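> return a 3D structure for these sequence lines:
(chains A and B)
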Amino acid sequence: MHGPIDFKITAQDGEARTGSIRTRRSIIETPVFMPVGTQGAIKGVRFEWLENELDARIILGNTYHLYLRPGIDVIRKLGGLHKFSSWSRSILTDSGGYQVFSLAKMRKLTDEGVEFRSHIDGARCFLSPEISMNVQAALDSEIVMAFDECPPGDAEHEATRKSLELTARWARRSKQRFDELHTAQSTNFSSSSEKKRQAEACTLNGMQALFGIIQGAGHLDLRNESLERTVEIGFDGYAIGGLSVGEEKDVMYGVLEHIAPKMPKVHPRYLMGVGTPEDLLEAISHGVDMFDCVLPTRNGRTGGAFTSRGKINIRNARFVDDDGPIDPDCLCSVCARYSRAYIRHLYQAGEMAAATLISHHNLAFYLNTMRSVREAIAGGTYLAFKNSFLEKLRENQDGGV
RNA sequence: GCGGCUAUAGUUCAGGGGUUAGAACGCCAGAUUGUGGUUCUGGAUGUCGUGGGUUCGAUUCCCACUAGCCGCC
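Residues are numbered from 1 along each chain as shown, chains lettered A, B, ... in the order given. Got it, this is the predicted structure:
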């Protein structure tokens, strides 16, 4: 392995491709869905389940949240996020750019960075490309994201252009700081015993990958421009940001169809924060390799279950005496054991087991779907697979199941 | 057995002689896309305990009955 990550495509079917990303900690088969572990935990699901049954090879962690709490001093002291959390497979850390815009109250945007108030205690905080890189280095993730600005999905052309240019400047600074950190860490360690101890705590440091982010909202010309400027800087992978942030669905699909095939073929392509099972299949058909989304775990917490025949809401009264599993076609341990009626009861009674069971199933559904996708691409039958999968999803869209 | 209080939505309770009787919680149903177990948005629900009386009009005032709660014997 020469670089921090090693991406190989093993089969291609139309624009869709399947392959693997080797990081220092795990081999990730693509297309991959990455469960979101914002604060160093997948909400409601223990790592044991993710490792053993679900076999997740990579999860997300979040710079914004972990920076605010517990803070990087704690995480650095405890040997990085992997050691701290006990998750020893790969982690991708988001840069915090998105959260500053979606969560923080007041924010003051300057070229230098973003000043904002913590959503936890209202404290005045500051994030910049440099700080984000510092934090992500301390978290010691395998894949680091550049610090970007995420404009609303329906942003006007002119506003989007300005935002995109800021993101491009920030991308350059992210890369520069990232490179400094990595060379500094490899040369400075021997200089003091203190640093040596730190080095031993993070022996894998210096092997992080950095991904750039393409913005441009719904404007295809700006997407092109953003892609060019990001590729020019040079990253280990490229992400599509700024989708599913309020724009219409056909806008998102239009951007995907337009931009994904133009992204460098030899690097992983990552669609950030998306989406529904349909969204994933659509994006994969345009050549996207990586996804993350809060839907399986967030909806799981509020009674929403994804099934092979569409979404269901376990709260619905029609499940009150339904002794079948969440999804009759699902092989997960939740569907093997628990009935809809029981899980609905748990939900109505406010038992947290309802949230954990549905979240578990939802992740199983997402990860198993990705497994089937990879097989279909490898077998050259992706289009047929996608069509029949979508047809089944819509089969009982309005209830039934 | 006697006296007092009460009876209005699934529950706890407001209300008031005059169109369509309210709240909270619960219930029913939506939303949620680089995560706030949060939140938000809709919706349904009533023989106003039963019977009689007064009145143009009673769920509201009066009487009886029934039920519940409290106290006394």
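> the residue in the stretch 51-200 of chain A positioned nearest to RNA strand B sits in which helix or strand?
Closest residue of the stretch 51-200 of chain A to RNA strand B, C-beta to the nearest atom of the strand: A:C150 (2.7 Å). Backbone N, C-alpha and C define where each C-beta goes, glycine included. Using DSSP states H and E, A:C150 sits in no helix or strand.
> that one and A:S95, how far apart?
10 Å (C-beta to C-beta, to the nearest Å).
> the strands in the stretch 51-200 of chain A, which residues?
Along the stretch 51-200 of chain A, the segments classed as strands by DSSP state E, counting those that start in this stretch run A:58-62, A:90-94, A:107-109, A:114-117, A:124-127, A:143-145.
> is the fifth one anywhere near RNA strand B?
Pointing back at strand A:124-127 there. No. Strand A:124-127 stays out of contact with RNA strand B when judged by C-beta under 7 Å from any atom of the strand, the minimum separation being 11.8 Å.
> circling back to that earlier point, between A:C150 and A:S95, who's got more neighbours?
Shown here are A:C150 and A:S95; by other C-beta atoms under 10 Å, A:S95 has more neighbours (28 against 23).
> burial of the nearest residue to A:E282 once chain neighbours are set aside, as a residue count?
Spatially, and ignoring its direct neighbours in sequence, A:E282 is nearest to A:Y253 (5.8 Å; C-beta to C-beta, 6 or more residues apart in numbering). By other C-beta under 10 Å, the residues close to A:Y253 number 16.
> helix or strand: which one has A:Y253?
helix A:249-259.
> packing partners of that helix?
helix A:220-233, strand A:237-240, helix A:277-285 (3 or more C-beta pairs under 8 Å, 6 or more residues apart in numbering; DSSP states H and E).
> A:N224: neighbour count?
So A:N224, with other C-beta under 10 Å, has 15 neighbours.
> mind putting the strands of the stretch 51-200 of chain A in JSON lines, mean pLDDT and mean neighbour count included?
Listed next are the strands of the stretch 51-200 of chain A as JSON lines, based on pLDDT from 0 to 100; neighbours: other C-beta atoms under 10 Å:
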{"stretch": "strand A:58-62", "mean pLDDT": "96", "mean neighbour count": "23"}
{"stretch": "strand A:90-94", "mean pLDDT": "97", "mean neighbour count": "27"}
{"stretch": "strand A:107-109", "mean pLDDT": "84", "mean neighbour count": "13"}
{"stretch": "strand A:114-117", "mean pLDDT": "87", "mean neighbour count": "20"}
{"stretch": "strand A:124-127", "mean pLDDT": "89", "mean neighbour count": "17"}
{"stretch": "strand A:143-145", "mean pLDDT": "97", "mean neighbour count": "29"}
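> nearest to A:E165, out of those strands?
strand A:107-109 (12.7 Å; C-beta to C-beta).
> now check the closest one, is it near RNA strand B?
No. Against RNA strand B, strand A:107-109 shows no contacts by C-beta under 7 Å from any atom of the strand, the least distance being 12.6 Å.
> point out the residues in the stretch 151-300 of chain A that sit beside RNA strand B.
For the stretch 151-300 of chain A, the residues found near RNA strand B under the criterion C-beta under 7 Å from any atom of the strand are A:213, A:215, A:239, A:241-242, A:244-245, A:249, A:272-276, A:279, A:292-295, A:297-299.
> among these, which ones are in strands?
If you go by DSSP state E, these have A:213, A:239, A:292 in strands.
> can you give me the end-to-end distance of stretch A:321-329?
Start to finish, the residues bounding stretch A:321-329 are 19 Å apart (C-alpha to C-alpha, to the nearest Å).
> where in the stretch 51-200 of chain A is pLDDT low?
Along the stretch 51-200 of chain A, segments meeting pLDDT under 70 span A:104-105, A:185-200.
> tell me where it has helices.
For the stretch 51-200 of chain A, the helices defined by DSSP state H, counting those that start in this stretch occupy A:63-68, A:72-77, A:80-85, A:97-102, A:129-139, A:157-188, A:193-201.
> show me what the fourth one is packed against.
Counting contacts by 3+ C-beta pairs under 8 Å, 6+ apart, the secondary-structure elements packed against helix A:97-102 are helix A:63-68, strand A:114-117.
> would you reformat the ones you listed as TSV and include distance to A:F47?
Formatted as TSV, the helices and strands packed on helix A:97-102 follow (distance: least, C-beta to C-beta, whole Å):
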stretch	distance to A:F47
helix A:63-68	16
strand A:114-117	31
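> so which bits of stretch A:304-315 are buried?
Within stretch A:304-315, the residues scored as buried using 16 or more other C-beta atoms under 10 Å are A:304-312, A:314.
> what about those residues, which are in strands?
Using DSSP E, the buried residues of stretch A:304-315 in strands are A:304-307, A:310-312.
> out of those residues, which one sits closest to A:I326?
Closest to A:I326, out of all of those and judged by C-beta to C-beta, is A:A305, at 4.9 Å.
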